[in-house]
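Asker: Requesting a structural model of the entry that follows:
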Amino acid sequence: MASGAQGIGIAERMDDPNEQQKAAIENEMAQMHVAIPGIIESFDAASQTASVQPAIMEDVKIGADDTKPTNLPLLTQVPVQFPRAGGYSITFPVQKGDECLVVFGDSCIDGWWQSGGVQQQMETRRHDLSDAMAILGITSTGKVIGKTGAAFSTGSMQIRSDDGGTYIELAGENINIKATKVTIDGELEVTGETIISGIAFTPHVHGGIVSGGDKTAPPEKG
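Answerer: Numbers count the residues shown, from 1 in each chain. So this is what the prediction gives:
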């Protein structure tokens, strides 16, 4: 008896024009994608595109009322965003497991992606899974900066490793570098004083000065 009553209720609802319109709108919205967190599966450095697995499942209807959580398909050839403008860029080695935010174009992006500039739509689709673009840096709670290493700096700008063991930091009028080794390929020009291991470079002196082939003693403060 309960089953029959429920069946009649569903049929009545679907005969209602308002319910039909509501169902049509819900079905249309289910096909539209705006933004979703994703997980990098692979990265191609040559094309700067990635394969990305959407990190939120889609509730797919099974029958009249039931739903089943289902993975969205793997997104392939997704353009990856790096900070870039004016002939300069910041790059980083994208790895499998990195998290990102995937956004979906208002329109088909194929023509623009292949040729740049202003292009006509190659297909008339909107907010489609095919038009995904990945923005790196958005992370879940377990991967926030400072979770497994040095704390997030609230008083400076840093380019850093996640553990904080290596960084370049702008802090007020100072630039601080922490690294095991710094390699400079080219000429280094310094305006102002250079202090190495606590000894100023310009006024420092050497002891043990003798004639001949002997070497000087280590530098001392002048």
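Asker: what stretches of this structure score poorly on pLDDT?
Answerer: 1-14, 19-31, 63-64, 211-212, 222 (pLDDT under 70).
Asker: Can you tell me which residue sits nearest the middle of it?
Answerer: residue 136 (0.9 Å; C-alpha atoms, centre = their mean).
Asker: so where does the residue lying closest to that residue once chain neighbours are set aside fall, helix or strand?
Answerer: Excluding the flanking residues, the one nearest residue 136 by C-beta to C-beta, 6 or more residues apart in numbering is residue 100, at 5.0 Å. Just so you know, the C-beta spots here come from the backbone N, C-alpha and C atoms, and that holds for glycine as well. Assigning secondary structure by DSSP states H and E places residue 100 in strand 99-104.
Asker: Starting from that strand, tell me which strands it pairs with and how they run.
Answerer: strand 35-44 (antiparallel), strand 132-136 (antiparallel) (DSSP bridges).
Asker: what's next to it, contact-wise?
Answerer: Residues outside strand 99-104 that contact it (C-beta atoms under 8 Å, 6 or more residues apart in numbering): 33-40, 50, 52, 54-55, 75, 78, 80, 127-129, 131-140, 143.
Asker: Please pick the buried ones from the residues you listed.
Answerer: Using 16 or more other C-beta atoms under 10 Å as the burial test, the contacts of strand 99-104 include 33, 36, 38-40, 50, 52, 54-55, 75, 78, 80, 127-128, 131-134, 136 as buried.
Asker: May I have stretch 34-45 exported as CSV, CA atoms only?
Answerer: Taking C-alpha atoms only, stretch 34-45 is exported to CSV below (Å, rounded to 0.1, in the frame of the first residue of the first chain):
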residue,chain,number,x,y,z
VAL,A,34,31.8,26.2,-12.7
ALA,A,35,34.7,25.3,-10.3
ILE,A,36,35.8,22.3,-8.3
PRO,A,37,38.9,21.2,-6.4
GLY,A,38,41.1,18.8,-8.3
ILE,A,39,44.1,16.5,-7.8
ILE,A,40,46.9,16.4,-10.4
GLU,A,41,47.4,12.9,-11.9
SER,A,42,50.2,13.9,-14.4
PHE,A,43,51.8,17.0,-15.8
ASP,A,44,53.3,17.6,-19.2
ALA,A,45,56.0,20.4,-18.9
